[in-house]
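*Asks:* one predicted model, sequence on top.
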Amino acid sequence: MKSTLPRLFQCTLRRLGHENPLGLPRSGTPPHWPRRPERRKIRGVERVVAVTSAKGGVGKSTVAANLSLAFARLGYRAGILDVDVFGPSIPTLFDLSGEPRLSENNQLIPLTNYGVKTMSMGYLVGEDSPVVWRGPMVMKSVQQLLHQVDWGASGLDILVLDLPPGTGDTQLTITQQVILDGALVVTTPHALAVRDAIRGVNMFRAVGVDILGLVQNMGLYRCPSCGDPSHVFGGHDRVLRMCRDLDLPLLADIPLHPSIGDDADRGRPTVVAEPQSPRAEAFVKLAEAVAAKIHLSKS
């Protein structure tokens, strides 16, 4: 008997009955490019490390800023590039503002503070101005930030990329365009953050980027009055299980401490504001571990 359903509903039912109605790629499937773009080094930069998190609010930018400052403290020529177009944090963290000047080659000249060269979309738009762009404009701006910044005649030993949260266009553009020496994944012990961190690890592995290790942030809080420890997010062994399951090292365990946030808000990250504190030492040890993994040398 011939169906009396309108053609539109017949097509809809066929799609909904399919096991993958939207035709989405399978989980973990690497992105497919008809012709994979050629990755290249950032001019004037010896090593590039990306700091990423698949979830926002885990303190990724604070970790990235303190990591770059720790590299400088260890004697490396360090820089940080903020590629979070919609939510740039580096101008606030480094207490910098103003539009960058252009070099003779029409390239952006970084702004410097605390011995670290910085570049961010936050310098190019107003402090309170939203970036209301569609994907192509965002990708164009990311490409310009990657390849149209003059890091100086002597260049950099290490450039830290502060990536936006997620596993979308910006991350894919960077992995297509730049030779990365590795990536750090930042997470809190919270169950949702850990689940998203696993997705971030799998995304970078799918595109052939080496994951150097994990950074657990805000894992342990000590009461300032009595000194008793508290695992605010619970599940303090959750990140350790993740490291074991993914065969990744835990490179740093940064405590939850009011000073870290206060220092960041004042534009003096912990490595600068409290250089002798255990918290600053944790970031320095992280920089030492990363330097060893990527064979970083001083020029």
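*Replies:* Thanks, I have the structure now.
*Asks:* buried sites along stretch 279-287?
*Replies:* Within stretch 279-287, the residues that count as buried by 16 or more other C-beta atoms under 10 Å are 279-280, 282-284, 286-287. Bear in mind the C-beta positions are built from the backbone N, C-alpha and C, glycine included.
*Asks:* chain center to stretch 210-222: distance?
*Replies:* 13 Å (C-alpha atoms, centre = their mean, to the nearest Å).
*Asks:* isn't V45 up against L159?
*Replies:* Yes - in this structure, V45 is within contact of L159 by C-beta atoms under 8 Å, at 4.6 Å.
*Asks:* between these two, who's got more neighbours?
*Replies:* L159 (28 against 20; other C-beta atoms under 10 Å).
*Asks:* before we move on, back to that, now do the shared contacts for V45 and L159.
*Replies:* Shared contacts of V45 and L159, defined by C-beta atoms under 8 Å, 6 or more residues apart in numbering, comprise 79, 151.
*Asks:* coming back round to it: which of the buried residues of stretch 279-287 scores worst on pLDDT?
*Replies:* Lowest pLDDT of those: R279, 92.
*Asks:* picking up where we left off before, of the buried residues of stretch 279-287, which is the nearest to L93?
*Replies:* Comparing those against L93 with C-beta to C-beta places F283 closest, at 12.9 Å.
*Asks:* okay but the closest one is in contact with L251, surely?
*Replies:* No - the criterion here is C-beta under 8 Å, and F283 misses it with L251 at 10.8 Å.
*Asks:* which helices and strands does whichever strand or helix holds L214 pack with?
*Replies:* According to DSSP states H and E, L214 maps onto strand 211-217. On a contact count with 3 or more C-beta pairs under 8 Å, 6 or more residues apart in numbering; DSSP states H and E, strand 211-217 meets helix 60-73, strand 182-187, helix 191-206, helix 238-246, strand 250-254, helix 278-293.
*Asks:* what comes into contact with the last one?
*Replies:* So that's helix 278-293. Contacts for helix 278-293 (C-beta under 8 Å, 6+ apart): 49, 63, 66-67, 69-71, 73-74, 76, 158, 182, 184, 212-213, 215, 251-255, 257, 259-260, 270-271, 274, 296.
*Asks:* just the buried ones from the residues you listed, in PyMOL syntax?
*Replies:* Under the burial definition 16+ other C-beta under 10 Å, those of the contacts of helix 278-293 that qualify are selected in PyMOL by:
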select buried, resi 49+63+66+67+69+70+71+73+74+76+158+182+184+212+213+215+251+252+253+254+255+257+260+270+271+274+296
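*Asks:* mind listing residues that contact the helix or strand harbouring T170?
*Replies:* Take DSSP H and E as the rule and T170 turns out to sit in helix 169-177. Residues from elsewhere that reach helix 169-177 (C-beta under 8 Å, 6+ apart): 31, 33, 36-37, 39-40, 50, 52, 83-85, 135, 138-139, 142-143, 146-147, 161, 163-164, 180, 203-204, 207-209.
*Asks:* out of the residues you listed, which end up buried?
*Replies:* Buried positions within the contacts of helix 169-177, assessed by neighbour count (16+ other C-beta under 10 Å), are 50, 52, 83-85, 138-139, 142, 146, 161, 163-164, 180, 203-204, 207, 209.
*Asks:* low-confidence ranges, the stretch 1-150 of the chain, go.
*Replies:* Residue ranges of the stretch 1-150 of the chain with pLDDT under 70: 1-37, 126-135.
*Asks:* helices of that one, start to end?
*Replies:* Along the stretch 1-150 of the chain, counting by DSSP state H, counting those that start in this stretch, helices occupy 7-17, 60-73, 90-93, 135-147.
*Asks:* of those helices, which approaches T118 most closely?
*Replies:* Between T118 and the helices of the stretch 1-150 of the chain, the tightest spacing by C-beta to C-beta is seen for helix 90-93, at 5.3 Å.
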